[in-house]
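Participant: Sharing a model that was predicted from the sequence below.
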Amino acid sequence: MYESSFINPYYGETFAFADPFSDMSARHMPRNRIDALKWSERIALGDGVYRSAIERIAAYFTTDIEILGSSREQRIKYKEYLHDHIGLLPLLRAIAADFLVYGNSFTSVVDPFRRYLICGNKDCLAEAPLEYAYDNDKYNITWEDSTFKGICPKCGRGVTFTTRDRRSYVQDDITVKRWSPHEIEILWDAFSDTTAYIWRIPNYYSRHIKAGSRYQLLKAPKEIIEAVQDNKWFQFDKNVLFHAKELTLAGVVSMGFGISRVLSNFRQAWHLQVLRRYNEAIGLDYIMPLRLITPAPRQSASGELGDPILMSDLSTFSSRMEGIIREHRVDPASYHVFPYPIQYQMLGASSKDMTPTELIGFATDDLLNAIGAPVEFYKGTLTLQSTQPALRLMESQFSQLYYIMNRFSQWLVSRLVALMGWDDIKVELKRPSHADDISRQMARVQLMMSGAVSKSTGLASIGLNYEDEQKKLFDEEKFQAEEAQQTQEELELMGLGPQMVSMGAGAGLVGMPGGATPGGMPAGGMPAGGNAAGTDGAAGIPAGPPDPVQAILAQLETMDLRNTSLPNLDTAADTIAQQIFSLPPPERIRALRELKNKNEVVHAMVKSKLSAIETKAKQQGVQMARQSAQQGSTI
């Protein structure tokens with residue numbers, strides 16, 4: 001076919017060239033929406049590399065959800081329901097895969113209901129659940145002429161039952177359905193770009209309803225049954241169906257449907273499949289060689305070449321060689337005798353030289369690049385230098401996918417709020433954080449410590465939840481107070497309480513000889529606002545007993561926590577932990593509580609230090625008790 005031409009500007013001659021776009025792939029490209037959907041589905045299901053790349057992209061953007069609004073207990077309840085019953089994360093991955101393959105995704109929430117039968121006798125009007133009536137032989141339920149007929153046990157008459165559907169408020173009955181794009185028709189207005197959606201009820205489903213299949217009659221809504229009876233399609237109400245579609249160029253009239261990106265990659269997929277097809281033919285024909293056994297040429301006594309074909313019966317040769325092969329397979333160590341030489345030849349087995357491995361690899365990489373999946377991302381070979389640019393570029397390219405998944409999550413929750421009477425809440429997906437580096441995470445933590453960002457944001461950067469961590473801290477503080485009280489009671493019971501406190505201040509528990517702290521400060525700390533003599537610095541009037549808790553907390557005011565390095569912060573936490581340990585249990589609890597109000601990071605580090613000190617104290621207390629027992633026994 002010569003449809004294009006080139007005109008020489010000097011001589012006016014026309015040289016015809018073949019149209020480069022009229023190749024074999026263009027001739028097989030789908031021409032309508034139905035064929036496009038089938039081709040997209042066939043390529044995604046038949047090409048494992050393509051399907052795997054799509055699933056990895058969908059998995060990358062499927063992150064956990066954040067629920068905003070309502071109380072903490074309600075948020076936990078809603079999140080557990082979305083994860084455990086609805087299966088939100090697998091559902092989001094499936095919707096993303098539909099979107100990437102078909103260019104469309106149709107989803108709805110199926111409202112649960114329970115169907116009741118009502119006696120057709122106006123003087124009776126008895127009701128019973130359809131499921132109960134099916135299992136009760138007294139009703140003798142049959143499906144005739146698209147109606148339920150049977151016997152009413154209350155009035156004892158044979159009647160035609162009417163039906164009434166009542167909504168079920170059982171949360172476990174709610175399901176989320178993904179509709180097949182092959183069965184959806186769209187009513188589209190070109191001016192307003194508004195749409196309405198119709199379900200073309202498939203024959204396999206309508207046959208079950210017409211035949212009176214029990215399960216379908218229990219589950220199918222009344223509107224669906226009526227549509228099947230009238231041989232019509234079913235139109236969804238407004239906002240019942242969530243439609244995610246792949247946007248395309250404005251000049252393409254898509255009639256309200258999305259255009260799958262698989263069509264843009266049709267040529268690459270065709271090229272790759274051609275290479276795979278011929279590679280399969282090479283594998284079938286050239287991997288195993290063709291083995292031949294023939295009589296070897298030999299020379300006569302006069303020096304002339306003697307051909308065994310002229311000297312023997314070849315049918316006898318063939319049967320004899322087949323017998324030798326059979327005997328050799330039975331007994332590989334057997335000996336065989338033949339009257340003249342034979343030769344063995346191998347034909348083929350050159351697939352290694354013929355297989356287009358480089359072309360297949362190039363075509364595969366070209367296809368992956370065409371769908372926007374970095375080859376390194378698919379192969380798992382991203383390096384530290386290329387990780388962030390490649391993933392950020394992919395996030396930008398698939399920003400529409402992330403936006404659609406966010407919209408669907410909020411739409412789903414809005415439907416559940418209306419059905420189940422929940423509090424009005426808002427949900428959103430967390431941003432993909434796989435590309436966040438350590439420096440960025442540490443920067444967020446530093447901003448949190450300085451108060452520039454919230455604690456929720458700072459802890460979320462390192463994979464922690466602020467509310468959960470707060471609850472854990474309260475539980476740990478309660479546990480630590482109980483353990484400290486129990487330890488104190490055990491030491492007092494053994495008569496070692498004062499001795500342990502003095503040892504903790506002067507021996508091996510504070511970590512410095514003589515009870516000194518790393519900064520040279522006494523273990524008890526300097527009283528805030530006073531001097532070493534314990535008098536008022538202004539008037540020389542003796543001051544009251546200093547508050548030990550305030551004396552400890554006063555040390556934080558002299559520290560620049562924003563610019564303090566981690567080693568210095570660790571040293572300060574060690575000093576404060578040693579001072580708090582020497583306090584009585586009530587003062588110790590109060591000190592930890594006020595320390596937490598001032599700085600949670602230092603509070604967490606001090607708690608860790610205190611736990612280590614208490615463990616060491618318990619070990620030394622047990623050791624001293626044993627030594628005292630041994631001394632008493634010797635006396």
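Facilitator: Everything's here; your move.
Participant: When you work out contacts or count neighbours from here on, use the C-alpha atoms and nothing else.
Facilitator: Fine.
Participant: residue ranges with poor pLDDT in the stretch 201-350 of the chain?
Facilitator: The model of the stretch 201-350 of the chain has pLDDT under 70 over residues 298-312, 350.
Participant: residue ranges for the strands of it, please.
Facilitator: In the stretch 201-350 of the chain, the strands defined using DSSP state E, counting those that start in this stretch lie at 234-235, 241-245, 290-295, 298-299, 305-306, 342-347.
Participant: do you know which of those strands lies nearest Phe61?
Facilitator: Nearest to Phe61, of all those, is strand 241-245, at 15.4 Å by Cα to Cα.
Participant: packing partners for the closest one?
Facilitator: When contacts are defined as 3 or more Cα pairs under 8 Å, 6 or more residues apart in numbering; DSSP states H and E, strand 241-245 packs onto strand 104-110, helix 399-420.
Participant: and these, which one is worst for confidence?
Facilitator: Sorting the helices and strands packed on strand 241-245 by mean pLDDT places helix 399-420 lowest, at a mean of 90.
Participant: Flag every buried residue along the next helix or strand after that one.
Facilitator: Downstream of helix 399-420, the first helix or strand assigned by DSSP states H and E is strand 426-429. Buried residues in strand 426-429, counted by 16 or more other Cα atoms under 10 Å: Val427, Glu428, Leu429.
Participant: hang on, the earlier thing: any idea which of the strands of the stretch 201-350 of the chain is most buried?
Facilitator: Compared across these, strand 241-245 shows the largest average neighbour count, a mean of 21 (mean count of other Cα atoms under 10 Å).
Participant: So what's the gap between it and the chain middle?
Facilitator: Taking the mean of its C-alpha atoms, strand 241-245 sits 21 Å from the chain's own mean (Cα atoms, centre = their mean, to the nearest Å).
Participant: now stretch 468-481
Facilitator: Distance of stretch 468-481 from the chain centroid (Cα atoms, centre = their mean) equals 30 Å.
Participant: Closest one of the buried residues of strand 426-429 to Leu89?
Facilitator: Out of these, the member with the shortest distance to Leu89 (by Cα to Cα) is Leu429, at 10.3 Å.
Participant: Run through the bridge partners of the closest one.
Facilitator: Under the criterion DSSP bridges, Leu429 forms beta bridges with Ile65.
Participant: Correct me if wrong: it contacts Asp64.
Facilitator: Yes. Applying Cα atoms under 8 Å as the test, Leu429 and Asp64 come out as touching, 5.9 Å apart.
Participant: So what's the residue count around Thr194?
Facilitator: Applying other Cα atoms under 10 Å, we find 11 residues neighbouring Thr194.
Participant: isn't it right up against Ile186?
Facilitator: No. The criterion here is Cα under 8 Å, and Thr194 misses it with Ile186 at 9.8 Å.
Participant: Now the common contact residues for those two.
Facilitator: Gly256 (Cα atoms under 8 Å, 6 or more residues apart in numbering).
Participant: Report the separation between Asp353 and Gly46.
Facilitator: Asp353 sits 27 Å away from Gly46, going by Cα to Cα, to the nearest Å.
Participant: the more surrounded of these two?
Facilitator: Taking neighbours as other Cα under 10 Å, Asp353 and Gly46 compare with Gly46 leading, 12 against 9.
Participant: Enumerate every residue touching that one.
Facilitator: Applying Cα under 8 Å, 6+ apart, we find Gly46 in contact with no residue.
Participant: hey, which of the helices and strands packed on strand 241-245 is tucked in deepest?
Facilitator: Stretch with highest mean neighbour count among these: strand 104-110 (a mean of 19; mean count of other Cα under 10 Å).
Participant: Now for the closest residue to Lys154 other than its chain neighbours, how many residues are close by?
Facilitator: In this structure, Lys154 finds its nearest non-sequential neighbour in Ala126, 6.9 Å apart by Cα to Cα, 6 or more residues apart in numbering. Number of residues near Ala126 (other Cα under 10 Å) recorded here: 17.
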